[in-house]
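In: Provide a 3D model corresponding to the input given below.
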Amino acid sequence: MTKREARAWARETARRLIPLREQHGLAIAQAVRSLPEYAAADTVCAFWPMEDEPDIRPLLAAVRRDGKTLCLPRCGEDGAMTMHAVPDAFALAPGAYGIREPEADAREVRPEEIGLCLVPCLAADETGVRLGRGKGYYDRFVPSLRPGAALLVCRTALIAQEIPAQAHDARFARAVTECGIRRFP
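Out: Just a heads-up that it's a prediction; the model follows:
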């Protein structure tokens, strides 16, 4: 399977999962909040969910209720992604690709400040290879995080036996799914 074929399969599978996005998002939130890494993190980086991703908005609200700094990405046209603290009122605006992101004046959070970073994907494989949407934002950002700080968010139906990978593609030791934490070899 090529990356193009893998993305087509993942998009179709994710589209069929849209009716379960709330249920999956709540299960993922519960699994994340039970992690020792979450308890220890002062700053949690996440993402605003797209329509075909699990609805993790309850988790975003819980991060704030738990007294942690929540940060979300801002994607630049130059291919760079930075993380920014989300102000109290969830002041978000449509950003690159129509994804909601913190406004331009939101405080930038350095990668070394992030205790836990939840990383979205289209799909992953059984070895932890992440398939993204093709722009490489997370592939460039994840290596700047502390070891063990990145956690892939991937529904079980989107974990394939094998995804084509290149040297720059991010690999993960574990993912959070609607069924709990999954470790990769």
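In: before we move on, what SS does residue 60 have?
Out: With DSSP: H, G, I helix; E, B strand; the rest coil as the basis, residue 60 sits in helix.
In: enumerate every residue touching it.
Out: For residue 60, the contacting residues are 46, 48, 70, 86, 90, by CB atoms under 8 Å, 6 or more residues apart in numbering. For the C-beta atoms, the positions are set from N, CA and C on the backbone; glycine is no exception.
In: show the pLDDT at it.
Out: pLDDT for residue 60: 95.
In: so for the protein, the centremost residue is which one?
Out: Nearest to the geometric centre of the chain sits residue 119, at 2.3 Å (CA atoms, centre = their mean).
In: could you give the bridge partners of that residue?
Out: Beta-bridge partners for residue 119, by DSSP bridges, are residue 152.
In: gap between residue 1 and residue 175?
Out: Distance, residue 1 to residue 175, using CB to CB, to the nearest Å: 20 Å.
In: these two: who's more crowded?
Out: Between residue 1 and residue 175, counting by other CB atoms under 10 Å, residue 175 is the more crowded of the two (24 against 13).
In: is that one part of a helix or strand, or is it coil?
Out: strand.
In: phi, psi for residue 141 please.
Out: Main-chain dihedrals, residue 141, degrees, to the nearest 10: phi -80, psi -40.
In: how many residues are close by the closest residue to residue 185 other than its chain neighbours?
Out: Sequence neighbours aside, residue 127 is the residue nearest to residue 185 in space, at 6.2 Å (criterion: CB to CB, 6 or more residues apart in numbering). Burial of residue 127 is recorded as 13 neighbouring residues (other CB under 10 Å).
In: likewise for residue 20?
Out: Residue neighbour count, defined by other CB under 10 Å, stands at 15 for residue 20.
In: now do the helices in the chain.
Out: Using DSSP state H, the helices found in the chain span residues 3-17, 21-33, 36-40, 57-65, 137-141.
In: adjacent strands (with direction) for the lowest-mean-pLDDT helix or strand in the chain?
Out: The helix or strand of the chain with the lowest confidence, counting by mean pLDDT, DSSP states H and E, is strand 92-94 at a mean of 86. Looking at strand 92-94 with DSSP bridges, its partner strands are strand 100-102 (antiparallel).
In: average pLDDT across the partner strand?
Out: Averaged across strand 100-102, the pLDDT comes to 91.
In: list the buried residues for that strand?
Out: By 16 or more other CB atoms under 10 Å, the buried positions in strand 100-102 come out as 101, 102.
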